[in-house]
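1. Model the following, please.
(one chain, ligands or ions: 1)
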Amino acid sequence: MSAPSTSIESTLVENRVFEPTEAFAKGARVSGMAAYDALCAEAENDFEGFWARLARESLTWHKPFTKTLDESNAPFYRWFDDGEINASYNCLDRHMGTPVENKTAIIFEADGGEVTKVTYKELLAKVSQFANALKARGVKKGDVVVVYMPMTVEGVVAMQACARIGATHSVVFGGFSAKALQERIQDAGAVAVITANYQLRGGKELPLKSIVDEGIAMGGCETIKNVLVFQRTQTACNMVAGRDSFMHEAMAVESTDCPAEMVGAEHPLFVLYTSGSTGKPKGVQHSTAGYLLWANLTMQWTFDLKDDDIFWCTADIGWITGHSYVAYGPLAAGATQIVFEGVPTFPNAGRFWQMIERHKCTIFYTAPTAIRSLIKAAESDEKVHPARSDLSSLRILGSVGEPINPEAWMWYYKHVGGERCPIVDTFWQTETGGHMITPLPGATPLVPGSCTLPLPGIAAAIVDETGNDVPNGAGGILVVKKPWPSMIRTIWGDPERFKKSYFPEELKGYYLAGDGAVRSADRGYFRITGRIDDVLNVSGHRMGTMEIESALVGKTDLVAEAAVVGRPDDVTGEAIVAFVVLKRSVPTGDEAKAIANELRNWVGKEIGPIAKPKEIRFGENLPKTRSGKIMRRLLRALAKGEAITQDTSTLENPAILEQLAKTN
Ligand code: PRX
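-> This next block holds a predicted model:
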């Protein structure tokens, strides 16, 4: 096996095709391409009827909807608008009195290896108790609650409890800094924070509650009236009288009965912040019914979910994947799922494979970055190779978050899936709520590195700058031509930005994904070529270059100017490279290293460790045009270590290139 590479060339010549086996196709929910085509045709012939049928079949409505789609105020589409529903009811209550009631909902494996199981009935009781505790603290329908929690059963309980009482949750990934948390609390106008005293990752105890305290103390968080603290470890944490309470104490005095608060179909279930091409993260607002419909339905279609499946999505609840395929989709579908607190490399890099064996996992869903780092680990230490574990329970593999290079795809297929399990390479985004372009395991012939075809009803297309279709084989801009139920509804508090970012006038009202793509000439299969805006994808995490730049220039005593670009990286997909002009002379040697370190730590504090640049280079200036515009394409070439062969005639200060070509 050669070292994995992210080069696009290898995908261009990709001609391996893996058809679903007859046996697999036969038992699948969407069986064969004819079944896929039939669903697509149904959506084509009666768009609204198609979605209405699915919404009636896969959700339990308190009050049925009569109108499917309201386009009168496009792009602010409204789906199933006059229907009433509750997401938590659909994930829990509706399974009561069915065989799912006593089924295991969550197999929780702690960082240290302890395993706990929770049935649907027990989960409903926990969620209800916690929902009552929130209500007792005055949290009500329409309020926003920030969730800053580790990957635990309690993290899921927190989200479900909010949904149960009609509060809108906003989960902030536990790796974000106090400043990032404070900005999100303030932007969302949250009334409460749900957190833990500490989180356990890789054998380390990392603080969460003290970061919440620090964030709130930064100001602008006066709306916060309550902080609820899950006591994950025995280590004490600061508790503010009158504001803070422990989750277990608050729950102990509450009833396990809490009728779900019914909300309108369009009621915001959650806001999740993600990076865009400006410095400020965007609060992506999702609906209740349309979102849940897609989370549930894609569990059936993409993952071909069966009653006895053991589903495992390794994503953190702090990201959209953890929302749709941990907190909502598997529960709405009545699945048994694994929730894992720790990291894939602790106590060793065989942890994922050992866990698949231990829990007899059947559907495994992870990110290419994880696969690539585990390939590296397995190649250097045979003891953590997947061959050391019994992976025969697996039947479907999934990939999400970034393009998967064919080499990594083949390794995953062969060494994890035993050349038996289809790989669903799911393309989607925080904004899309659920899968958009993905193979169906019992239907679609697979091509490594390609997310293949759009799901039925999803009008994905590739267009030029004026919104006209480009032919197969020619690259272009990925758009979605029609609305779909789980689409982003707006940017929290900024409808204008929503319109401008996602529905630019020149694209005929199509949804702009922000990615480039190309369809293969033979099959019309989609391949995502990467972001076309200033957004980087580092280890499957979305980072705005401007966000990192504004953090860097925020170090006002040191930094005059900064520009951030991405560089291809074998493991993380992209790596962050920052070019920095200091307010002092250009440092060299150890001094340069020390300043670079100081800046990396600064960015870690401003945003979070995931945003720390891998490399920082210093120069007297940045390459600029005569009108003062930074020439990023040159910086991208320099970051890659390429010789500058591009046209530099518009460059004001060519001498600067030589300086910035040097690594510290
Ligand atoms: O660039 C695409 C990439 O991840 C972006 C969305 O990031 P985020 O909102 O954080 O959601 C990640 C989890 C859904 C997209 O714009 N991306 C996601 N999945 C794929 C992908 N790129 C290629 N192939 C994928 N399967």
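2. Tell me how many other residues surround the closest residue in space to Lys209 that isn't next to it in sequence.
-> If you skip the residues right next to it in sequence, Lys209 has Cys237 as its closest partner in space, 4.3 Å away by CB to CB, 6 or more residues apart in numbering. Heads up, the C-betas are built off the backbone N, CA and C, glycines and all. Number of residues near Cys237 (other CB atoms under 10 Å) recorded here: 20.
3. Glu205 is in contact with Cys237, correct?
-> No. Under the contact definition of CB atoms under 8 Å, Cys237 does not touch Glu205, with a separation of 11.0 Å.
4. can you list residues touching both of the two?
-> Counting by CB atoms under 8 Å, 6 or more residues apart in numbering, the shared contacts of Cys237 and Glu205 are Tyr198.
5. picking that back up, can you tell me how far the residue nearest to Lys209 is from Pro406?
-> Using CB to CB, to the nearest Å, one obtains 47 Å as the distance from Cys237 to Pro406.
6. which parts of the stretch 251-400 of the chain sit against the ligand?
-> 274, 320-321, 400 (CB under 6 Å from any ligand atom).
7. mind listing which of these are in helices?
-> With helices identified by DSSP state H, the entries of these that belong to them are 320-321.
8. Mind putting the residues of the stretch 251-400 of the chain next to the ligand into TSV with pLDDT?
-> Below are those laid out as TSV (pLDDT from 0 to 100):
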residue	pLDDT
Thr274	96
Ile320	98
Thr321	98
Val400	97
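9. Show me what residue of the stretch 551-664 of the chain gets nearest to the ligand.
-> Relative to the ligand, the nearest point of the stretch 551-664 of the chain is Gly573 (8.9 Å; CB to the nearest ligand atom).
10. Count the neighbours of that residue for me.
-> Using other CB under 10 Å: Gly573 sits among 25 other residues.
11. Next up, the contacts around it.
-> When contacts are counted by CB under 8 Å, 6+ apart, Gly573 touches 6, 368-369, 402-403, 537-540.
12. if I look at it, how far off is Ser373?
-> Counting by CB to CB, the gap between Gly573 and Ser373 amounts to 11 Å.
13. any idea which helix or strand comes after the helix-or-strand element of the chain with minimal mean pLDDT?
-> Among the helical and strand segments of the chain, the one scoring lowest on mean pLDDT, DSSP states H and E is helix 9-12, with a mean of 45. Moving toward the C-terminus from helix 9-12, the first helix or strand encountered (DSSP states H and E) is helix 22-27.
14. Now for Asp569, how many residues are close by?
-> The tally of other residues near Asp569 (other CB under 10 Å) stands at 17.
15. Identify the residue nearest it in space, chain neighbours excluded?
-> Leaving out its chain neighbours, the residue that sits closest to Asp569 by CB to CB, 6+ apart is Ala575, at 4.0 Å.
16. quick one on the thing from earlier: so which two of the residues of the stretch 251-400 of the chain next to the ligand are the farthest from each other?
-> The largest distance within those, taken as CB to CB, falls between Thr274 and Val400 and amounts to 14.6 Å.
17. Show me where the chain dips below the pLDDT cut-off.
-> Low-confidence segments of the chain (pLDDT under 70): 1-13.
18. Would you mind listing what in it touches the ligand?
-> Where the chain comes near the ligand, counting by CB under 6 Å from any ligand atom, the residues are 274, 320-321, 400-403, 425-430, 451, 513-515, 528, 531, 537, 542.
19. Please flag which of the residues you listed sit within strands.
-> Where the residues of the chain next to the ligand overlap with strands, as defined by DSSP state E, the overlap consists of 274, 400, 425-426, 513-515, 528, 531, 537, 542.
20. out of the residues you listed, what pair is the most spread apart?
-> Pairwise distances across those peak at 20.7 Å for Thr274 and Asp425 (criterion: CB to CB).
21. Looking at those two, which is more packed in?
-> Using other CB under 10 Å, the more surrounded residue of Thr274 and Asp425 is Asp425, with 26 against 20.
22. Could you pull out the helices in the stretch 251-400 of the chain for me?
-> Residue ranges of the helices in the stretch 251-400 of the chain, as given by DSSP state H, counting those that start in this stretch, are 289-301, 320-322, 329-332, 351-359, 368-380.
23. Which parts of the stretch 451-600 of the chain are strands?
-> Listed in chain order, the strands of the stretch 451-600 of the chain (DSSP state E, counting those that start in this stretch) span 460-463, 475-480, 490-491, 511-519, 526-531, 535-538, 541-544, 559-569, 573-582.
24. would you list those in CSV and tack on distance to Phe246?
-> Converted to CSV, the strands of the stretch 451-600 of the chain look like this (distance: least, CB to CB, whole Å):
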stretch, distance to Phe246
strand 460-463, 47
strand 475-480, 45
strand 490-491, 35
strand 511-519, 42
strand 526-531, 42
strand 535-538, 35
strand 541-544, 31
strand 559-569, 41
strand 573-582, 38
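25. Any idea which of those gets closest to Val326?
-> Taking CB to CB, strand 541-544 is the member of the strands of the stretch 451-600 of the chain nearest to Val326, at 16.4 Å.
26. So which elements touch that closest one?
-> With contacts defined as 3 or more CB pairs under 8 Å, 6 or more residues apart in numbering; DSSP states H and E, strand 541-544 has these neighbours: strand 535-538.
27. Which elements pack onto the strand it packs on?
-> Counting by 3+ CB pairs under 8 Å, 6+ apart, the elements that strand 535-538 packs against turn out to be strand 541-544, strand 559-569, strand 573-582.
28. Could you export these as CSV, including distance to Thr288?
-> CSV is the format used below for the helices and strands packed on strand 535-538 (distance: least, CB to CB, whole Å):
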stretch, distance to Thr288
strand 541-544, 24
strand 559-569, 35
strand 573-582, 33
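29. Between these, which one is closest to Val139.
-> With distances scored as CB to CB, the stretch of the helices and strands packed on strand 535-538 nearest to Val139 is strand 541-544 (29.3 Å).
30. Sheet partners, orientation included, of the closest one?
-> Sheet pairing here is set by DSSP bridges, and for strand 541-544 it gives strand 535-538 (antiparallel).
31. This completes my enquiry, with thanks.
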